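K.L.:
sequence-free structure coming up:
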């Protein structure tokens with residue numbers, strides 16, 4: 001059976017070497033140019049161009065391997081600054097891994113320097129559509145005026161005006177939520193080194209939400225979290241919730257191309 005080299009991350013810190021066997025006896029390191037890649041050998045068939053698309057559709061196979069990938073990267077991220085690889089990043093020889101380190105030595109070292117002393121924190125802003133809708137409706141002068149008009153309208157016109165309220169309310173809820181989330185993002189940017197939107201406004205079932213990620217200096221974490229608490233207090237009446245997650249390995253800030 002052929003094997004491939006499954007890669008987890010790259011670091012410059014030899015401190016990771018002492019952690020490897022404690023985390024998982026199967027993983028080891030490949031080093032070149034002052035960079036250390038954390039890897040393990042895996043069945044080549046699992047990650048071949050032919051089989052990988054089919055394997056990814058297998059929920060049991062996928063969940064087990066994604067969980068293992070995250071376990072190892074998260075464990076190392078607690079000890080060293082690293083560039084995490086995305087799930088299923090493989091090479092078909094150790095020489096290929098070294099070639100990669102040589103080719104990307106300069107941008108990898110630059111990005112690792114940039115990430116030193118920083119953590120990634122996620123932010124989810126979400127709300128129950130019905131609850132946010134009630135708040136928006138109660139504060140909308142336009143809807144109040146339409147309701148007044150309904151009281152003096154015929155049945156046919158009242159029906160049309162009620163439909164108009166539904167349309168106006170839906171548009172107003174999404175506009176209001178979008179405005180609030182953009183305000184959260186704007187106010188948190190000064191407390192972070194870098195930031196990125198992970199999704200625009202989304203709706204799933206009765207929940208509306210929005211996600212972003214922030215690269216934060218460890219020394220500024222308390223200030224960042226305090227700002228989130230202030231935003232949460234300000235949005236409590238509107239039934240909008242802020243949920244901070246992490247710290248995470250810097251997946252969203254590890255690209256070697258500056259954006």
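P.N.:
Everything's here; your move. Source: prediction; values computed, not measured.
K.L.:
Could you chop the protein up by domain?
P.N.:
3-116, 119-253 (automatic domain parsing).
K.L.:
Spell out the residue ranges of the strands in the chain.
P.N.:
Taking DSSP state E as the test, the strands found in the chain are 3-11, 28-32, 35-43, 82-84, 90-91, 118-128, 194-204, 207-217, 240-248.
K.L.:
Please tabulate those strands in a markdown table and include mean neighbour count as additional columns.
P.N.:
C-betas here are computed from N, CA, C, even on glycine. Listed next are those as a markdown table, based on neighbours: other CB atoms under 10 Å:
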| stretch | mean neighbour count |
| --- | --- |
| strand 3-11 | 23 |
| strand 28-32 | 16 |
| strand 35-43 | 20 |
| strand 82-84 | 25 |
| strand 90-91 | 19 |
| strand 118-128 | 21 |
| strand 194-204 | 13 |
| strand 207-217 | 20 |
| strand 240-248 | 17 |
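K.L.:
Mind putting the ones you listed into JSON lines with mean pLDDT and distance to residue 50?
P.N.:
As requested, those are exported to JSON lines (pLDDT from 0 to 100; distance: least, CB to CB, whole Å):
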{"stretch": "strand 3-11", "mean pLDDT": "94", "distance to residue 50": "13"}
{"stretch": "strand 28-32", "mean pLDDT": "94", "distance to residue 50": "26"}
{"stretch": "strand 35-43", "mean pLDDT": "92", "distance to residue 50": "13"}
{"stretch": "strand 82-84", "mean pLDDT": "95", "distance to residue 50": "26"}
{"stretch": "strand 90-91", "mean pLDDT": "94", "distance to residue 50": "14"}
{"stretch": "strand 118-128", "mean pLDDT": "93", "distance to residue 50": "34"}
{"stretch": "strand 194-204", "mean pLDDT": "86", "distance to residue 50": "31"}
{"stretch": "strand 207-217", "mean pLDDT": "93", "distance to residue 50": "34"}
{"stretch": "strand 240-248", "mean pLDDT": "93", "distance to residue 50": "32"}
